[in-house]
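Chemist: Fold the following for me, if possible:
(one chain, ligands or ions: 1)
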Amino acid sequence: MAVSFWNNLLQITKNRVLQQRGVSLYNYTHSYEEHVIKKKLKQFAGGSINLSKDGSGIGVLTLNNPRLMNAFTGTMMLELQEKVTELENWKEGKGLIIHGAENTFCSGSDLNIVKAVSLQDGVNMCVFIQNTLTRLMRLPLISVALVQGKAVGGGAELTTACDFRLMTPGSEIRFVHKLMGLVPGWGGATRLVQLIGSRNALKLLSGALKVDPERAVRLGLAEEILPSSDETGSLEEACTWLNQYTEGPADVIQAIKKVVIAGRELHLEAALREEKDIFGTVWGGPANVQALAQRAKHK
Ligand SMILES: CCCC(=O)SCCNC(=O)CCNC(=O)[C@H](O)C(C)(C)COP(=O)(O)OP(=O)(O)OC[C@H]1O[C@@H](n2cnc3c(N)ncnc32)[C@H](O)[C@@H]1OP(=O)(O)O
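Modeler: Numbers count the residues shown, from 1 in each chain. Below you'll find the model as predicted:
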């Protein structure tokens, strides 16, 4: 009885800590020191991560390294962390679309890094980006990966850190890790299992299968296949798709995403408590007061 009480308390505390923004799963006891790996990542420069935020609360994050099919260089990993921090603090934000420049999504880690770094640095880079993608997944924004062209390796992993995936005709998601003698390390395997179940995840990873849009929809990995395959058209279509979920005040949309994160990540009792706390942030708020004053009916 006493043991289960303490275990429960430990679990709740752990979950609370993990839910806090910017808190890493790893620290120096895991031989992980963020400032050391950041210095290393600076040595692998190239490409950029661009963020544009519009007045309606939709952000567009562009992976921009088209010469290498938008592979992640070290400086892009650093920039992604900065943009995630900016998005965590975006009070007016409601939604986020992640896409790649020049009509392809992302080919994972820059292979020049993979070739150059030691085992310890490789693992620490993996920790760095896993932390960033965990924070991305927990953003209080509704996020969409717009998959055009190819999402390969770490690029496939990145798609799983978004709430939804929309694919254009002819695009493909492929976990090629096995062919590289690797397994996912950016959190992609864990998230894939949560998204499509362990049997399907095992098939995609062990077969390094090419997942076309039709298969992705069948597996529940993608929501929809967009009609356009051109860059501008598909971005507009992704925005329109997202708008149906982001209509309304930012504080309410953010609260909705937060209760879903709590339900997904916490044990039942902790999730219920968290839900109550989040409820308390919108009760009596402007949107609530206005809806009551208008005697809103929902026919
Ligand atoms: C835990 C992290 C795991 C990882 O992410 S490990 C990395 C996994 N990714 C890969 O192995 C991708 C290797 N690349 C490919 O398979 C193909 O390039 C890919 C993405 C299917 C695209 O094929 P194509 O459309 O035919 O284009 P292509 O091969 O001509 O590529 C254009 C140029 O981009 C380069 N490129 C593509 N992905 C890269 C990468 N990840 N790192 C470094 N360079 C990369 C490619 O070498 C080519 O350059 P070049 O024209 O030969 O000089």
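
Chemist: From Lys94, how far off is the residue of the stretch 151-299 of the chain found nearest the ligand?
Modeler: Relative to the ligand, the nearest point of the stretch 151-299 of the chain is Gly153 (2.7 Å; Cβ to the nearest ligand atom). C-beta coordinates here come from the backbone N, C-alpha and C atoms, glycine included. Look at Gly153 and Lys94: by Cβ to Cβ, to the nearest Å, they are 30 Å apart.

Chemist: now the closest residue in space to Asn131 that isn't next to it in sequence: how far from Thr132?
Modeler: Closest residue to Asn131 apart from its sequence neighbours, by Cβ to Cβ, 6 or more residues apart in numbering: Ser24 at 4.9 Å. With distances taken as Cβ to Cβ, Ser24 is found 10 Å from Thr132.

Chemist: Kindly report the same for Leu195.
Modeler: Using Cβ to Cβ, we find Leu195 at a distance of 19 Å from Thr132.

Chemist: Where does pLDDT dip in the stretch 51-200 of the chain?
Modeler: The stretch 51-200 of the chain contains no residues with pLDDT under 70.

Chemist: Might you enumerate the residues of it proximal to the ligand?
Modeler: Contact residues, the stretch 51-200 of the chain versus the ligand (Cβ under 6 Å from any ligand atom): 68-69, 71, 107-112, 114, 150, 152-154, 176-177, 180, 182, 184-186.

Chemist: Please name the residues that touch the residue of the chain found nearest the ligand.
Modeler: Closest residue of the chain to the ligand, Cβ to the nearest ligand atom: Gly108 (2.3 Å). Each residue near Gly108 by Cβ atoms under 8 Å, 6 or more residues apart in numbering is listed here: Ala71, Phe72, Val152, Gly153, Gly154, Gly155, Ala156, Glu157, Val176.

Chemist: which residue ranges form the strands in the stretch 151-299 of the chain?
Modeler: For the stretch 151-299 of the chain, applying DSSP state E, counting those that start in this stretch gives strands covering 164-167, 172-174, 210-211, 224-225.

Chemist: Excluding sequence neighbours, find me the nearest residue to the residue of the chain closest to the ligand.
Modeler: Once flanking residues are discounted, Gly108 sits nearest to Gly153: 2.7 Å by Cβ to Cβ, 6+ apart.

Chemist: Give me the neighbour count for that neighbour.
Modeler: 27 (other Cβ atoms under 10 Å).

Chemist: what does Ser143 give?
Modeler: Look at Ser143: counted by other Cβ under 10 Å, it has 21 neighbours.
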